[in-house]
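*Asks:* sequence unavailable; structure follows:
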């Protein structure tokens, strides 16, 4: 797992993190060390001619690894993906995920299942379960009990107990921000202005986080306050989207802290994780560590468990 | 005010409820009785050639009332309207509104100001203040102390004390539903299906209301549950928008009941009010009365207070 420990061995596994907008491919050696990577804009919603198989063959050729076994996670396993991989019920960890891999016919690819919680408030993840397995591989000290935050279009807060995802909740914060920015009255003021300064931006974001976390009644009445704040001059039009981002992120954190408890690590894109870390710091949760590049580590662990490659 | 009391007198006031999408014009007699009405799709965002003045002249001619004084409320008084009417700070009632009317040059039109609340969570209304004045004119027994709900794109919950709006909160529920339906992952399932039956629709709506009002942590984690409910089969794709509507409306009501208290009346469009009444009934607040057509009554009251027409 650790490239500093010794020189890498021969390539032995292709690991694919295949989401809605991007295909990330990794060539790994037998211990999970990353030997080479490729990233293509071939998410499952914008595949090249020839579809999944053509995209796969192309990226595998580019890695020079045509005959290796492969493992994939993410929306590639959804109903709109290459093959519909199942959802494992919580609690689920690398053992359960490895046992439910979905093989793609005619290619040496196995697709990692997602994880679901049924009941009154059903929830789903697909891709994040592999990142969590990877984060635990990179930081085994967190395996006994930890809360992971995985920012994104559909951000997840997941509680891990004894190495398995026991519970989780999805916050549509990223998508909500995008649709409100692009299609609601809240996005309008920023369209006709210059970009805010870094200080204006940070100040408006912090103001939004504080307003959301200080409000006992939730997001519903906060959204229009973002409009009223601009009309009354309390927030500059140029910084209105930072304010909105702070309101939405603050409300996510308020809600999640009340149920999942304080986070032990942020997992995912470093820039997005840094935004969450800033919001958490405003609320007294300082220096939450960021774990990047967890997907290849998770894919490798699940592949070993499934005996796709030797342990 | 009551057309049953006696035969109407001569026409004496043009009352305009002029919003973002629609212009509603009323011809009133000296006691506020509605003699004639016109509705045109000439909201302030889609005016005919000639703009506000042409729309006004056309609708006034159609009512056969060219020389009468006129009073208007709604977004016509916003920064994007005919003339920028002020916002009165809370508490505000017919006296404060009448004292701050904005006259339109070259026409005998006065525009009613909006109402604002400043402070940590600023808020605004423009048009609803006039409906509240009208609702109090139609139901004076509510003037001492009442909570009014005004459903709409930007729904308002307003607390009235001694005939004046003391406090209010805006819920962007209507706009949020529209942008999520049209632009997010949550609108997709319903696009490819037949319309649900009335029973399916009612059931999915009720399920959404209950899920939202039973959730202590607010809207943030509920939105994605609307997606997960469809993927896991808990809610039929055809009824997914009713479920989403229930979630959003339920969260508004949960939040508002915690701050404004139970509603005494719903004010506005009868079909939309009926939807709110159904959600409120699910939560034990049965038979909340609906007050329709409050705008002309409110415009008449403010006009009398401002001596635009004789009391």
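*Replies:* Perfect, thanks for sending it. Keep in mind the model is a prediction, meaning the values are calculated, not measured.
*Asks:* now do the SS call for the nearest residue to residue A:258 once chain neighbours are set aside.
*Replies:* Nearest residue to residue A:258, sequence neighbours excluded (CB to CB, 6 or more residues apart in numbering or on different chains): residue B:217, at 5.4 Å. All C-beta spots, glycine's among them, are computed from the backbone N, C-alpha and C. The three-state assignment at residue B:217 reads coil, by DSSP: H, G, I helix; E, B strand; the rest coil.
*Asks:* wait, doesn't residue B:217 sit right on residue A:257?
*Replies:* No. Residue B:217 is beyond contact range of residue A:257, at 9.3 Å (criterion: CB atoms under 8 Å).
*Asks:* quick revisit: got a list of what the residue nearest to residue A:258 touches?
*Replies:* A:218, A:255, A:256, A:258, A:259 (CB atoms under 8 Å, 6 or more residues apart in numbering or on different chains).
*Asks:* same question, residue A:153
*Replies:* A:20, A:172, A:174, A:175, A:178.
*Asks:* confirm that residue A:72 sits in a strand.
*Replies:* Yes. Residue A:72 sits within a strand when classified using three-state DSSP.
*Asks:* from residue A:51, how far out is it?
*Replies:* With distances taken as CB to CB, to the nearest Å, residue A:72 is found 14 Å from residue A:51.
*Asks:* more neighbours, the two?
*Replies:* A side-by-side neighbour count of residue A:72 and residue A:51, using other CB atoms under 10 Å in any protein chain shown, places residue A:72 first with 30 against 12.
*Asks:* what's the closest non-adjacent residue to that one?
*Replies:* That would be residue A:16: by CB to CB, 6+ apart, it lies 3.8 Å from residue A:72.
*Asks:* can you confirm the one you found is in a strand?
*Replies:* Yes. Counting by three-state DSSP, residue A:16 falls inside a strand.
*Asks:* residues near it, how many?
*Replies:* Residues near residue A:16, counting by other CB under 10 Å: 27.
*Asks:* residue in the stretch 101-250 of chain A with the shortest distance to chain B?
*Replies:* As assessed by CB to the nearest CB, chain B sits closest to residue A:218 within the stretch 101-250 of chain A, at 3.2 Å.
*Asks:* show me the contacts for the closest residue to residue A:290 other than its chain neighbours.
*Replies:* Distances taken as CB to CB, 6+ apart place residue A:273 nearest to residue A:290, at 4.4 Å, with adjacent residues excluded. Neighbouring residues of residue A:273 by CB under 8 Å, 6+ apart: A:151, A:266, A:267, A:290, A:292.
*Asks:* quickly check those residues for the two that are furthest apart.
*Replies:* A:151 and A:292 (11.7 Å; CB to CB).
*Asks:* higher neighbour count, the two?
*Replies:* Between residue A:151 and residue A:292, counted using other CB under 10 Å, the more crowded position is residue A:151 (25 against 14).
*Asks:* helix, strand or coil for residue A:158?
*Replies:* Per three-state DSSP, residue A:158 ends up strand.
*Asks:* show me the contacts for it.
*Replies:* A:125, A:128, A:132, A:147, A:148, A:150, A:165, A:167, A:168, A:260.
*Asks:* element containing the third one, please.
*Replies:* If I follow you right, that is residue A:132. Using DSSP states H and E, the element containing residue A:132 is helix A:128-138.
*Asks:* ok, what's across the strand from the residue nearest to residue A:72?
*Replies:* residue A:25, residue A:72 (DSSP bridges).
*Asks:* tell me the spacing between it and residue A:52.
*Replies:* 10 Å.
*Asks:* picking that back up, so for the helix holding residue A:132, what gets flagged as buried?
*Replies:* A:128, A:129, A:130, A:131, A:132, A:133, A:134, A:135, A:136, A:137, A:138 (16 or more other CB atoms under 10 Å in any protein chain shown).
*Asks:* for it, packing partners?
*Replies:* Helix A:128-138 sits against helix A:94-99, strand A:114-117, strand A:145-150, strand A:155-161, strand A:164-171, strand A:265-267, strand A:290-291, helix A:294-305, with contacts defined as 3 or more CB pairs under 8 Å, 6 or more residues apart in numbering or on different chains; DSSP states H and E.
*Asks:* between it and strand A:155-161, how many degrees?
*Replies:* Relative orientation of helix A:128-138 and strand A:155-161, computed by axes from the mean of the first three to the mean of the last three CA atoms, to 10 degrees: 50 degrees.
*Asks:* distance check, residue A:188 against residue B:236.
*Replies:* In terms of CB to CB, residue A:188 sits 35 Å off from residue B:236.
*Asks:* neighbour count: those two, which is higher?
*Replies:* Between residue A:188 and residue B:236, counting by other CB under 10 Å, residue B:236 is the more crowded of the two (20 against 13).
*Asks:* per-residue confidence at the nearest residue to the more buried one once chain neighbours are set aside?
*Replies:* Excluding its sequence neighbours, the residue lying closest to residue B:236 (CB to CB, 6+ apart) is residue B:200, at 6.3 Å. Looking at residue B:200, its pLDDT stands at 93.
*Asks:* cool, and residue A:259?
*Replies:* Looking at residue A:259, its pLDDT is 86.
*Asks:* what sits against it?
*Replies:* A:157, A:169, B:216, B:217, B:221.
*Asks:* report the distance from stretch A:26-38 to the chain centre.
*Replies:* 20 Å (CA atoms, centre = their mean, to the nearest Å).
*Asks:* repeat for stretch A:80-95
*Replies:* The answer for stretch A:80-95 is 16 Å, by CA atoms, centre = their mean.
*Asks:* circling back: could I get the contacts of residue A:273 as TSV with pLDDT?
*Replies:* Shown next, in TSV, are the contacts of residue A:273 (pLDDT from 0 to 100):
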residue	pLDDT
A:151	97
A:266	98
A:267	98
A:290	97
A:292	93
